[in-house]
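Trainee: What shape does this take:
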Amino acid sequence: MIAVLCGGVGAARLLAGMQQVIDPREIVAIVNTGDDTELHGLHISPDLDTITYTLSGAVNPATGWGLGGDSFRAMEALDRFGAITWFRLGDADLATHLFRTGRLRQGASLSEVTVEISRGFGLNIKMLPMSDDPVRTRLSLRDGGEVAFQEYFVKLRHSVAVSKVRFEGAELASPAPGVLEALETADAVIVAPSNPVVSIGPILSVPGISEALEARRESVVAVSPIVAGAALKGPADRLLVELGEEASAVGVGRFLRAVVGTLVVDEADASLAGAVRDLGLECVVTPSVMSTPEVAAGLARVVLGSASGHRLDPADSHEL
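Mentor: Here you go, the predicted model:
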């Protein structure tokens, strides 16, 4: 069994690649819920949904999130009331949030609802939220004030400088059922190429998770989301710099080195391999920009091989 710590789009693409090379029933995805928010009375879990939609083949290919072919008539109708519409929810996407919210109000846990949604989309991997307890990412802005993650990321388009990030409620949270067991018993743990600060950071903030990873650090492999000094998607590069770290694979390695033993970096960053090793990490260089399903599968083979100590032969891959 392979456990994967996951954020949004980058994690979804790596998981899609992994599904091509190993049995998806052997994958446990532990997903960030620090991005979760409530809008229009609905509980929205963006990272859980992005991964679900991607692995089911239903995702909007143009954005990497939301449902392909969705319409936005409900958002257009909400405009007449002056309601919040900067966070765009598609009409079909609303069904996911309606179902989740209704089940939570009936007393189901987020873990239980996630299983039900995964089943509805025909997924074979096991999806676990990092916690059933509310943990919310909040960012202090350089110009003053503090905002919730979605306001920073969507409304402000992550174009404002940040001075601090905190995870509200983390100290009172517990890992969701099955999370610690997966981290302790997995053959390997993979940290997906997700924003280390606001996608992986919230997961590590839940008591017990960092400790579980530290105990098996040598078998934990991370994929850098920074390539040639820039984030492939989102503000990871700027956040690292704003919080005092460098925007590079080395910066990612330094940020994660307490819980990671190996860092996978792109060929564009081959010259940084020595600096990564100087941090006390193993370094693997391979193409990591998942521009096609084939590249994603190739990256998955390298990552899984790095975790197990050998390369997976393409002839041994599991095809869906």
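
Trainee: how many other residues sit next to the nearest residue to Pro61 once chain neighbours are set aside?
Mentor: Leaving out its chain neighbours, the residue that sits closest to Pro61 by Cβ to Cβ, 6 or more residues apart in numbering is Gly68, at 6.2 Å. For glycine as for every other residue, the C-beta is placed from the backbone atoms N, C-alpha and C. Residues within reach of Gly68, counting by other Cβ atoms under 10 Å, total 14.

Trainee: For Gly68, give me its contacts.
Mentor: By Cβ atoms under 8 Å, 6 or more residues apart in numbering, the contact set of Gly68 is Ala58, Val59, Asn60, Pro61.

Trainee: Over to it: give its phi and psi.
Mentor: Here is the backbone geometry of Gly68 (degrees, to the nearest 10): phi -60, psi 140.

Trainee: how close does it get to Ser210?
Mentor: 36 Å (Cβ to Cβ, to the nearest Å).

Trainee: ok, back up a step: can you give me the pLDDT of the residue nearest to Pro61?
Mentor: pLDDT recorded at Gly68 is 96.

Trainee: List of residues touching stretch 91-106?
Mentor: By Cβ under 8 Å, 6+ apart, the list of residues contacting stretch 91-106 reads 41-45, 49, 52, 66-67, 70-74, 89, 110, 112-113, 116-117, 120.

Trainee: Which positions within that stretch qualify as buried?
Mentor: Asp93, Leu94, Thr96, His97, Arg100, Thr101, Arg103, Leu104 (16 or more other Cβ atoms under 10 Å).

Trainee: quick revisit: turn the buried ones among the contacts of stretch 91-106 into a named ChimeraX selection, would you?
Mentor: Buried residues among these (16+ other Cβ under 10 Å), as a ChimeraX selection:
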select :42,43,44,45,49,52,66,67,70,72,89,110,112,113,117
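
Trainee: Out of the contacts of stretch 91-106, which sit inside helices?
Mentor: Using DSSP state H, the subset of the contacts of stretch 91-106 located in helices is Asp49, Thr52, Arg73, Ala74, Leu110, Glu112, Val113, Glu116, Ile117, Gly120.

Trainee: Contact partners for the last one?
Mentor: If you count contacts by Cβ under 8 Å, 6+ apart, Gly120 has them with Phe99.

Trainee: Please apply the same query to Ala182.
Mentor: Met1, Ala3, Val28, Ile30, Lys126, Leu128.

Trainee: Bridging across strands, which residues link to the third one?
Mentor: Beta bridges link Val28 to Ala3, Lys126 when assigned by DSSP bridges.

Trainee: between the buried residues of stretch 91-106, which is nearest Gly82?
Mentor: Nearest to Gly82 out of these is Leu94 (Cβ to Cβ; 19.1 Å).

Trainee: Is the closest one in a helix, a strand, or coil?
Mentor: The three-state assignment at Leu94 reads helix, by DSSP: H, G, I helix; E, B strand; the rest coil.

Trainee: Which strands and helices lie in contact with the lowest-mean-pLDDT helix or strand in the chain?
Mentor: The least trusted helix or strand in the chain, going by mean pLDDT, DSSP states H and E, turns out to be helix 293-308, with a mean of 93. Counting contacts by 3 or more Cβ pairs under 8 Å, 6 or more residues apart in numbering; DSSP states H and E, helix 293-308 packs against helix 9-21, strand 188-191, strand 220-223, strand 262-265, strand 282-285.

Trainee: now the closest residue to Val250 other than its chain neighbours: how far from Ser194?
Mentor: Spatial nearest neighbour of Val250, chain neighbours left out: Ala275 (4.8 Å); criterion: Cβ to Cβ, 6+ apart. Between Ala275 and Ser194 the distance, using Cβ to Cβ, works out to 22 Å.

Trainee: about what we covered before: look up phi and psi at the residue nearest to Val250.
Mentor: Torsion angles, degrees, to the nearest 10, at Ala275: phi -70, psi -30.

Trainee: circling back to that earlier point, higher neighbour count, Ala275 and Ser194?
Mentor: In terms of neighbours (other Cβ under 10 Å), Ser194 is the more surrounded of Ala275 and Ser194; the figures are 30 against 16.

Trainee: ok, the residue nearest to the more buried one when sequence neighbours are not counted - contacts?
Mentor: Using Cβ to Cβ, 6+ apart and skipping the chain neighbours, the partner closest in space to Ser194 is Gly7 (2.7 Å). When contacts are counted by Cβ under 8 Å, 6+ apart, Gly7 touches Val31, Asn32, Asp47, Ala192, Ser194, Asn195, Val198, Ser199, Ile200.
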